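Participant: Requesting a structural model of the entry that follows:
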Amino acid sequence: MVNQNDYVEDQTGLIVLTHGLKSDAKQETKVGEFCYTVINAELAIDDGMPLADVFQLTPEWAQMYGSLYDQSTERFKPEVMNEDRLYQEDLHRPSLFLINHLVILQEFRGNRLGLLTLRKILRLRQRLTMAVIKPSPLQCEGTTSAAQAADKARALGVADAELSEPGAIEKLARHFARTGFNPVAGTTYLVRDARHKLPDVEAMLGAQLPVTKPVPAVELYYSLVSRLTR
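Facilitator: Model (predicted):
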């Protein structure tokens, strides 16, 4: 029996530093956590499953569906196509993945590990049509409530002041733009064609790290949480 969960796959795990901050020696240190969700919209459409039903699995996804898709055609809206610089044939490839949790522990911030992690996730998912992210000081949203997201953020070292910092969302949007994300007008979402060439690491980091400092290297340790039922 087919249900909405057949078209959704959650990927969660740890962000692990391998080298580059304190020494060149090999080391493995947990520096954060991530979670993203792949929504296979093409398969749902082929199976006759309404996309609206798939996106109704969580309130956040329902909002995303209304913001990014034309509900009468189940295709991306024109403004999404434009900001994502998609091709016309991509109207028939409306799958995406949503990055709903990417947090770096407090003691490791300021080293652009979040950007490096985001770039690695994008590289691993380059065959999908679109990547979506919603800038949030919590960056723990997705399937949790706002209160649960705040608690999760605090547990990872996010100070209360950061959760209510004026301009925090705009600051994060500029941060994510370094990896090629663009805002969709009238929404809270940033989108990126996942197949576009990724920015060079040094260019992405810009002047944020001294040129004499080695670029940190991160790995993703996955804990696969799949919703597939058939």
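
Participant: so where's this protein uncertain?
Facilitator: 1-2, 19-27, 84-92, 137-166, 206-215, 223-230 (pLDDT under 70).

Participant: Looks like F181 contacts R192 (just checking).
Facilitator: Yes: F181 is within contact range of R192, at 4.6 Å (criterion: CB atoms under 8 Å). C-beta here means a position set from N, CA and C on the backbone, and glycine is covered the same way.

Participant: Now for those two: what residues contact both?
Facilitator: Common contacts of F181 and R192, defined by CB atoms under 8 Å, 6 or more residues apart in numbering, comprise A131.

Participant: N182 and R192 touch, don't they?
Facilitator: Yes: using CB under 8 Å, N182 makes contact with R192 at a distance of 6.9 Å.

Participant: So which of those two has more stuff around it?
Facilitator: R192 (23 against 18; other CB atoms under 10 Å).

Participant: Next one: the more buried one from R112, what distance?
Facilitator: 18 Å (CB to CB, to the nearest Å).

Participant: same deal with V31?
Facilitator: V31 is 11 Å from R112, by CB to CB.

Participant: Helix, strand, or coil at the residue most central in space within the chain?
Facilitator: For the chain, the residue nearest the mean C-alpha position is I99 (2.1 Å; CA atoms, centre = their mean). Here I99 is recorded as strand under DSSP: H, G, I helix; E, B strand; the rest coil.

Participant: List the contacts of it.
Facilitator: Per CB under 8 Å, 6+ apart, neighbours of I99: 34-36, 118, 121, 131-133.

Participant: Nearest to I45 among those?
Facilitator: Of all the contacts of I99, V132 has the smallest distance to I45: 17.9 Å, by CB to CB.

Participant: isn't F176 right next to I133, touching?
Facilitator: Yes: if you go by CB under 8 Å, F176 and I133 touch, sitting 5.9 Å apart.
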